[in-house]
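A.B. asks: After the sequence you'll find the predicted model.
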Amino acid sequence: MSDYPDFTPVILLTGFLGSGKTTLLARLLKDPALGDTAVLINEFGEVGLDHHLLDRIDDQMVLLSSGCLCCTIRGELAEAIKALHSKRARGEVPPFRRIVVESTGLADPLPVIATITADPVLKHHFRMGAVVTTVDAVNGRDQLARQPESVTQAAVADRLVLTKTDLADTATTDATIDALRALNPDAPLHRAATDPLDATALLSDRPALTTALEGFRCVAAPDLAAPAHLAAIASFALVFEASIDWTLFGLWLTMLLNRHGSAILRVKGLLNVEGSETPVAIHGVQQLVHVPTHLAAWPNPDDRRSRLVFITRGLDPALIERSMQAFGLKPARAPMAAA
Ligand SMILES: Nc1nc2c(ncn2[C@@H]2O[C@H](COP(=O)(O)OP(=O)(O)OP(=O)(O)O)[C@@H](O)[C@H]2O)c(=O)[nH]1
């Protein structure tokens with residue numbers, strides 16, 4: 001008898017861009033009870049940063065290549081899970097008892113669920129576990145109104161985690177909750193900023209809703225060869241050889257987001273700031289910029305170039321580059337391997 005389940009649950013952690021998926025995952029993985037968890041991360045865009053922000057890199061952590069999990073790289077998801085399964089069977093990785101897949105913020109969860117449940121090999125060893133969806137209290141209502149992916153992510157959730165209630169006023173939070181309840185009236189809703197989250201319970205099955213999802217799974221199965229939901233989406237990375245003047249950068253970012261925030265779905269970066277030995281991580285979601293954090297070390301000490309990743313909808317990347325140059329910041333749009 002093996003010391004892992006016959007049907008290992010695959011838990012989907014989804015939620016719109018910047019809604020706090022990686023932050024939540026990092027928090028949950030600190031719980032020793034989740035030590036037997038394999039993690040698959042999929043980021044949209046050519047440069048992956050999220051795995052640097054999770055405090056764990058090991059052979060049970062798989063970074064799926066850029067592209068959207070729900071369309072272009074569904075095959076890669078299935079292959080990655082099969083590879084983990086084989087390694088576990090051969091004793092090459094610890095006997096994980098669950099897999100958490102962190103999707104991109106733009107992924108439609110339904111095709112991902114269909115992949116797990118319909119793949120002829122996967123369905124003999126894995127089953128769909130809970131869908132946990134993060135929703136940003138500050139931007140959530142607006143995203144639900146404008147971004148179709150956000151609606152599906154919230155609608156299929158077995159559990160909703162409302163993030164950033166510490167940054168939103170009560171009226172904004174209540175409006176986001178009302179919008180969520182209209183889509184998904186009965187999924188338990190947790191507030192990340194204030195609730196003590198029980199990692200095991202949050203990721204455990206929720207049988208009633210999982211059954212209710214079966215109908216969705218069938219319609220989700222067709223292959224999305226031409227992903228209409230990604231129309232007008234641009235993702236690009238800018239790199240900077242020289243260290244960055246923090247004041248100038250802050251001024252530029254504030255002005256950019258004031259003017260174009262609604263089209264800038266996500267900006268995140270690791271910056272080499274003048275006078276700082278370690279990289280500064282920055283996060284923006286539409287008009288909201290989070291407090292920057294210093295990481296403990298550079299992921300690759302030999303590569304201290306700053307990198308900024310943008311995901312925009314309906315905004316020309318050249319405009320962003322030009323605006324930086326106007327502030328004396330000299331980016332290069334060089335293709336970079338996900339370090
Ligand atoms: N104040 C506050 N900040 C939060 C909360 N949750 C997440 N954040 C911040 O929001 C920013 C984005 O969080 P991430 O965890 O990277 O979001 P994500 O959903 O993984 O982002 P993508 O992978 O780009 O879609 C970071 O600066 C986090 O520190 C919260 O509950 N309160």
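C.D. replies: Structure received.
A.B. asks: so where do the helices sit in the stretch 201-339 of the chain?
C.D. replies: If DSSP state H, counting those that start in this stretch is used as the criterion, the helices of the stretch 201-339 of the chain fall at 207-212, 214-220, 246-260, 317-326.
A.B. asks: List the beta-bridge partners for residue 159.
C.D. replies: residue 132 (DSSP bridges).
A.B. asks: I figured it was touching residue 135, is that so?
C.D. replies: No: between residue 159 and residue 135 there is no contact under Cβ atoms under 8 Å: 11.0 Å. Bear in mind the C-beta positions are built from the backbone N, C-alpha and C, glycine included.
A.B. asks: so is the residue of the stretch 51-200 of the chain found nearest the ligand in a helix, a strand, or just coil?
C.D. replies: Nearest residue of the stretch 51-200 of the chain to the ligand: residue 105, at 3.2 Å (Cβ to the nearest ligand atom). Secondary structure, DSSP: H, G, I helix; E, B strand; the rest coil: residue 105 is coil.
A.B. asks: Look up phi and psi at it.
C.D. replies: phi -70, psi -10 (degrees, to the nearest 10).
A.B. asks: Tell me where the model's unsure across the protein.
C.D. replies: Residues of the chain that meet the criterion pLDDT under 70 lie in 1-2, 43-74, 206-231, 333-339.
A.B. asks: Quick one: name the residues of it near the ligand.
C.D. replies: 15, 17-23, 43, 50, 105, 163-164, 166-167, 192-193, 266, 268, 283, 290 (Cβ under 6 Å from any ligand atom).
A.B. asks: now do 5 Å
C.D. replies: Within the chain, the positions adjacent to the ligand are 17-23, 105, 163-164, 166-167, 192-193, 266, 283, 290 by Cβ under 5 Å from any ligand atom.
A.B. asks: And the buried ones among those, selectable in PyMOL?
C.D. replies: Of the residues of the chain next to the ligand, the buried ones can be selected in PyMOL as follows, counting by 16 or more other Cβ atoms under 10 Å:
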select buried, resi 17+18+19+20+21+22+23+105+163+164+167+192+266+283+290
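A.B. asks: who's in contact with stretch 162-173?
C.D. replies: Residues outside stretch 162-173 that contact it (Cβ atoms under 8 Å, 6 or more residues apart in numbering): 15, 19-20, 23-24, 134-138, 140-141, 176-177, 180, 189-194, 288.
A.B. asks: All good on my end, thank you.
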